[in-house]
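Colleague: What would the 3D arrangement of this be:
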Amino acid sequence: MKRKYFGTDGIRGRVGAAPITPEFCLRLSNAVGRVFTVDGRKPKVLIGKDTRISGYMLESVLQSGLISAGADVSLLGPMPTPAIAYLTRTLRADAAIVISASHNPYYDNGIKFFNAQGSKLDDDTELAIEAAMDAPLYCEGSESLGKASRISDAPGRYVEFCKSAVPNGLSLRGLRVVLDCANGATYQVAPQVFTELGAEVIVMAAEPDGFNINDQCGSTHTEALQQRVLAENADLGIAFDGDGDRVAMVDADGALLDGDELLYIIARDRQRREVLHGGVVGTVMSNLGFEQALARLAIPFSRANVGDRNILAQLQQRDWQLGGEPSGHILTLDLATTGDAIVAALQVIVPIIEQGESLQSLARGMDKFPQILENVTVAEPGKLSNDERLLSEIASHESKLADRGRILVRASGTEPLLRIMVEGQDEQEVGMIAQALAEHAVRLSAH
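Modeller: Numbers count the residues shown, from 1 in each chain. Predicted coordinates:
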């Protein structure tokens, strides 16, 4: 069955416009409370959020809907998405709600969910929630209403978890690190993790005001971090996104390393330590140079569709542990149930400390193919991505590229964008094809 509200990663949109409205979120959380009520037992649901101004409003509304359905609520406050997944498991909750739009601007927001295992909801549960939303709003009698409480030690619990993701006794002393917290959910915990592990930490973009989340900072805007790493003569820089599930890193020369390069470093180090456990799952967006670098190491590689749900499904199917996306969404299933930016960054740092190598040297051995990504704003990206006229134009360019590259055009699952990716050996040719396809898409969308 087709889902009405849930996208590739929960429900997301502009605050005040459907579906991110108080009325919708009240019905949504009321339905969640009913779906997770089993045999009359009150469910326990956690609510966490990032630092957007709208988080206050949505937190209150979601809390009301759950309590009215008889669910008990525990409020976590601003916390990274992976922290909420972790706390769902350790606090034995039945489910969790994350109020975040990840790397989007402050005026967007979203609702994500975790089950009791700290994993994203399966399709059947999402469909059950949508079906429950079609029923009238339900309110228990006063004697059966839920209660709300606040978990004040949530940040400390997560900090200890992150520190446990590196080998016992490993110290970051002597490592000078710049952290870009995107004025988002990692602003408290990330500096604490790296400081307590012994690093010399320089913090930037860690003063959220409700509006500056992801604003010219974080993993999608790394220019300021690159400049700061050079200015501070740091060993490396780490950029998180607004909700702390994506990471990018900067080496001592100010060069940016994306998710593919970080995955390569982690995979190679795990192979060295004989703890890789299978291969690596990337996505259709993973660079061809990444795939070839893994092949030279005899590390199996498989591509999934874009989205951590799809990566997770393949990892579980193959019984592997490591996967991720170029965007920096990295899964290490032996350590966490979802993408965790702090944990992923620490996995990259482990070989720096243990082998005495720099971030630059660890990334050698992977030569990325030139890859151009054009994001085209269109009214109906899903419809346009299947337009025969666009498909014909794509096929024409693919025949010219032959085996020297590839083209991928898809609709974004979170924004009104058509994403056009062109990859190949010749950067100029790749750029010309990407621009031509983007212009063609704009013309088709206008008619």
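
Colleague: make it CA atoms for all contacts and neighbour counts henceforth
Modeller: Fine.

Colleague: was I right about Thr8 contacting Gly307?
Modeller: Yes. Thr8 lies in contact with Gly307 (Cα atoms under 8 Å); the separation is 6.7 Å.

Colleague: I figured Ser54 hits Asn109, correct?
Modeller: Yes. Under the criterion of Cα under 8 Å, Ser54 makes contact with Asn109 at 7.4 Å.

Colleague: quick one: common contacting residues for these two?
Modeller: Common contact partners of Ser54 and Asn109 (Cα atoms under 8 Å, 6 or more residues apart in numbering): Val15.

Colleague: Between those two, which has more neighbouring residues?
Modeller: Taking neighbours as other Cα atoms under 10 Å, Ser54 and Asn109 compare with Asn109 leading, 27 against 22.

Colleague: In which helix or strand does that one reside?
Modeller: Per DSSP states H and E: Asn109 is located in strand 108-115.

Colleague: Just name whatever secondary elements that strand is in contact with.
Modeller: If you count contacts as 3 or more Cα pairs under 8 Å, 6 or more residues apart in numbering; DSSP states H and E, strand 108-115 packs onto strand 11-14, helix 81-90, strand 95-99.

Colleague: right, so of these, which gets closest to Ala293?
Modeller: Ala293 lies closest to helix 81-90 among the helices and strands packed on strand 108-115, at 28.8 Å (Cα to Cα).

Colleague: now the spatially most central residue of the chain, what's its secondary structure?
Modeller: Central residue of the chain (Cα atoms, centre = their mean): Asp245, 4.1 Å from the mean position. Here Asp245 is coil, with the state taken from DSSP: H, G, I helix; E, B strand; the rest coil.

Colleague: Likewise for Ala345?
Modeller: Ala345 falls in the helix class when you classify it by three-state DSSP.

Colleague: what stretches of the chain score poorly on pLDDT?
Modeller: Along the chain, segments meeting pLDDT under 70 span 1, 414.

Colleague: which residues sit in contact with the residue lying closest to Gly279 once chain neighbours are set aside?
Modeller: Nearest residue to Gly279 in three dimensions, chain neighbours excluded: Pro300, at 4.5 Å (Cα to Cα, 6 or more residues apart in numbering). By Cα under 8 Å, 6+ apart, the contact list for Pro300 reads 278-280, 294.

Colleague: Take these and keep only those in strands.
Modeller: Using DSSP state E, the members of these that fall within strands are Val280.

Colleague: Going by neighbour count, which of the contacts of Pro300 comes out on top?
Modeller: Within the contacts of Pro300, neighbour counts (other Cα under 10 Å) peak at Val280, which reaches 26 neighbours.

Colleague: and that one, how far is that from Val306?
Modeller: Between Val280 and Val306 the distance is 15 Å, computed by Cα to Cα, to the nearest Å.

Colleague: For the residue lying closest to Pro155 once chain neighbours are set aside, give me phi and psi.
Modeller: Leaving aside its chain neighbours, Pro155 sits nearest to Val189 (6.3 Å; criterion: Cα to Cα, 6+ apart). Dihedral angles of Val189 (phi, psi; degrees, to the nearest 10) stand at phi -80, psi -40.

Colleague: neighbours of Val189, just the number please.
Modeller: Residues lying near Val189 (other Cα under 10 Å) number 22.

Colleague: what does Val193 give?
Modeller: Residues within reach of Val193, counting by other Cα under 10 Å, total 22.

Colleague: Contact partners for it?
Modeller: For Val193, the contacting residues are 159-160, 162-163, by Cα under 8 Å, 6+ apart.
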